[in-house]
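what's the 3D shape of this:
(chains A and B)
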Amino acid sequence: MRFSKAFIPTAKEAPSGAVLDSHIFLSRAGFVVQVASGLYNYLPLGKRVLKKIEAIINDEMQRCDAQEVELSFVTPAELWQESGRIEKFGKELLRFRDRKDNLFVLGPTHEEMMVNIVRNRVTSYKQLPLNLYQIKTKFRDEARPRFGLMRAREFVMKDGYSFHASNKDLDREFNAMEAAYKRILERLGLEFRIVEADSGAIGGSGSKELMVLANSGEDTLAVCDSCEYGANIEAAKRSPHREIPEAPEAEFNKFKTPGIKSIEDLASFFRVDPYYTLKTVVKRAIYEEGDEIVFFFLRGSDDLQEVKAVNAAGALDLVDVSEDEIKALGFIPGFIGPLDVKNVKCIFDNDLKDAEHMICGANEEDFHFVNVAMSVIEDAQFAELYEVKEADGCPHCSGTLSFTKGIEVGHIFKLGTTYSKALGAEFLNEKGQSVPFIMGTYGMGVSRLIAAVIEQHHDEKGCIWTPATAPYLVNVMVSNIKDDDQLQLGEKLYNRLRDAGVDVILDDRKERFGFKMKDAELIGFPFTVIVGKELQNGNVQILHRQTLEKSVVAKDKVFEAVMELIG
RNA sequence: CGGGAUGUAGCGCAGUCUGGUAGCGUAUCACGCUGGGGGUGUGGUGGUCGCUGGUUCGAGUCCAGUCAUCCCGACCA
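Down below sits the predicted model:
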């Protein structure tokens, strides 16, 4: 491609409201342009990057014998009613009616459609396993799209679904997909971490997220400093406490604690470590039908992890409860305790099993109990509720956990029979029994990957594409096209590289040196061959975008030098 | 969905408080000079000031409504 004919509208200024570097540079360098909230047009450069990433995904999927399909974007609402997700997905599902008044939704993910394709077509265990995927536009009517391509409403996702006759076979495929996803991200040149995750609304288990490490990431990850363990904070675990504070000595008793409502005040009032205080978090759990108040109890040294709490309560959502609502139930905020609680659901953190010497609210204004043993509570429901903290111990080794930020670019998990059961998709096993498919699902955000590459690879001048993702690997820049020698050499090199199959662009615009350099740096071609003043000495320069260093190469050896650079 | 802000030329912004002929930077067009870090001179093109209604002799400016976009939060396979 010749720059003089290319549609690459670069700009000095970022669109107003753009805050993320990837959003700023992808816009300024002419890769994408916003159409409406969460909707983007891909210009030629953006489309090239998209196709490069897709090609790598396709290549790795083929190595795994996953087969590409393409499902219709518009999907009948009946399928969503059948699986029960039309309510669960809520307003994110964009619904509309056709001329015959039939209800449709724009596909936000395609479990239903994929199961629909397979059911009644795959009818025997002999036809399994099967892994089908597509790379296609998805639409989710996000409440608040933001950060450019990072969280758009319309986006490109690779979504794959596998069908198995046994859990064992699902495990095998799951591991194969994890390995394939790892290779994809490695080939793209990204620094990433595979972490344990919550399965979210889609249901299932064995959930893992692929996180590109970047400070601007929306997810917080807990990662071990000495082993491979990493987890989204929503699912992160820790080792049992390594140093347990000295237990306070006291008889069971009720103490007057006027105005002592917070854990901090309580701990200093009794001069004990917060570890020995009982924290109560009150939430209203929302269920598919109805709602109720739930007390979550943790050690005072811990905080409630809401996603874990939602799962423990089996709720769709948890919302805050006002002090007045608590009082209306007959409890006093700041003095709630687990003893003799009736008519309110209580869930205890696992860490409180067998806990002793605890100080907790007495359910009476200005009173706390001391030296309470959790064992006195009958039929207590326990679950994991705590949120890990930095410096907690790794659950798998003797290492220590620290926090880092990540961009979720992939999510794989074992669905089991959730969807095949809901949609009645069954096959005959070896025993002649009709059983539901055991499924896995594997998603990767292709358009989000574009943003992730730039979030991880940019500087103050602009984008720094990795070799596998660059729209053009080499930019041959003619410094002054009015100089015949420069122009001729540039043309010659351009043609030679192009004939050799290199993704190359020739900057033959009638612009000044500085202007072209700024564009080259903003767009972020990995290598720019500068055919300019050095030509007087029989040389050209090669600008390495990553380091911004310029190397000098004899003009007769440029082709070989470039070929060697790009491997 | 709660809270906050902003809509003026292709893009980025000032002007609005205090009503009186639409501005700046950049981009763009023509011609000239220049040619190693977004160069420069001269002359142009380009706007029903988001939309609707109201107040006024007169509204970009004041009032009401509405739509859109962005930010914080809730939400997010």
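
only C-alpha atoms for contact and neighbour calcs from this point on.
Fine.

is A:Glu455 located within a strand, as I assumed?
No. Judged by DSSP: H, G, I helix; E, B strand; the rest coil, A:Glu455 forms no part of a strand; its state is helix.

my read is that it contacts A:Leu190, right?
No. Using C-alpha atoms under 8 Å, A:Glu455 makes no contact with A:Leu190, being 10.3 Å away.

among these two, which residue is more densely surrounded?
Set A:Glu455 next to A:Leu190 and count neighbours by other C-alpha atoms under 10 Å: A:Glu455 wins out with 25 against 20.

which non-adjacent residue is nearest the more buried one?
Distances taken as C-alpha to C-alpha, 6 or more residues apart in numbering put A:Ser22 closest to A:Glu455, at 5.3 Å, once the chain neighbours are dropped.

which of the helices or strands spans A:Ser402?
Taking DSSP states H and E as the definition, one finds A:Ser402 inside strand A:401-416.

may I see the buried residues of the helix or strand just after that strand?
Following strand A:401-416 in sequence order, the next helix or strand is helix A:418-422 (DSSP H and E). Residues A:418-420 are the ones in helix A:418-422 that count as buried (16 or more other C-alpha atoms under 10 Å).

near RNA strand B too, which of the residues you listed?
The subset of these within reach of RNA strand B, by C-alpha under 7 Å from any atom of the strand, is empty.

re the thing from before, and the one helix or strand the residue nearest to A:Glu455 maps to, average pLDDT?
Using DSSP H and E, A:Ser22 sits within helix A:21-28. Taken as a whole, helix A:21-28 has a mean pLDDT of 96.

what strands line up against the next helix or strand after that helix, and which way round?
Downstream of helix A:21-28, the next assigned helix or strand under DSSP H and E is strand A:32-36. Here strand A:32-36 is paired, per DSSP bridges, with strand A:39-42 (antiparallel).

now the strands for the stretch 401-550 of chain A?
Remark: strands assigned in the stretch 401-550 of chain A by DSSP state E, counting those that start in this stretch are A:401-416, A:426-428, A:434-436, A:438-445, A:458-459, A:462-463, A:474-478, A:504-507, A:527-531, A:539-544, A:549-554.

can you list those strands in JSON lines and add mean neighbour count and distance to A:Val35?
Formatted as JSON lines, those follow (neighbours: other C-alpha atoms under 10 Å; distance: least, C-alpha to C-alpha, whole Å):
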{"stretch": "strand A:401-416", "mean neighbour count": "23", "distance to A:Val35": "23"}
{"stretch": "strand A:426-428", "mean neighbour count": "22", "distance to A:Val35": "43"}
{"stretch": "strand A:434-436", "mean neighbour count": "19", "distance to A:Val35": "43"}
{"stretch": "strand A:438-445", "mean neighbour count": "25", "distance to A:Val35": "20"}
{"stretch": "strand A:458-459", "mean neighbour count": "18", "distance to A:Val35": "24"}
{"stretch": "strand A:462-463", "mean neighbour count": "27", "distance to A:Val35": "22"}
{"stretch": "strand A:474-478", "mean neighbour count": "27", "distance to A:Val35": "29"}
{"stretch": "strand A:504-507", "mean neighbour count": "25", "distance to A:Val35": "27"}
{"stretch": "strand A:527-531", "mean neighbour count": "26", "distance to A:Val35": "31"}
{"stretch": "strand A:539-544", "mean neighbour count": "22", "distance to A:Val35": "34"}
{"stretch": "strand A:549-554", "mean neighbour count": "14", "distance to A:Val35": "37"}
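
would JSON lines of those strands with mean pLDDT be doable?
Below are those laid out as JSON lines (pLDDT from 0 to 100):
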{"stretch": "strand A:401-416", "mean pLDDT": "93"}
{"stretch": "strand A:426-428", "mean pLDDT": "98"}
{"stretch": "strand A:434-436", "mean pLDDT": "98"}
{"stretch": "strand A:438-445", "mean pLDDT": "96"}
{"stretch": "strand A:458-459", "mean pLDDT": "96"}
{"stretch": "strand A:462-463", "mean pLDDT": "98"}
{"stretch": "strand A:474-478", "mean pLDDT": "98"}
{"stretch": "strand A:504-507", "mean pLDDT": "98"}
{"stretch": "strand A:527-531", "mean pLDDT": "98"}
{"stretch": "strand A:539-544", "mean pLDDT": "98"}
{"stretch": "strand A:549-554", "mean pLDDT": "97"}
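
can you redo the ones you listed as a markdown table with distance to A:Leu493?
A markdown table is the format used below for the strands of the stretch 401-550 of chain A (distance: least, C-alpha to C-alpha, whole Å):
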| stretch | distance to A:Leu493 |
| --- | --- |
| strand A:401-416 | 38 |
| strand A:426-428 | 59 |
| strand A:434-436 | 60 |
| strand A:438-445 | 37 |
| strand A:458-459 | 28 |
| strand A:462-463 | 24 |
| strand A:474-478 | 8 |
| strand A:504-507 | 9 |
| strand A:527-531 | 9 |
| strand A:539-544 | 11 |
| strand A:549-554 | 13 |
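
want to throw these into CSV with distance to RNA strand B?
Below are these laid out as CSV (distance: least, C-alpha to the nearest atom of the strand, whole Å):
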stretch, distance to RNA strand B
strand A:401-416, 4
strand A:426-428, 21
strand A:434-436, 19
strand A:438-445, 4
strand A:458-459, 12
strand A:462-463, 8
strand A:474-478, 9
strand A:504-507, 11
strand A:527-531, 6
strand A:539-544, 7
strand A:549-554, 8
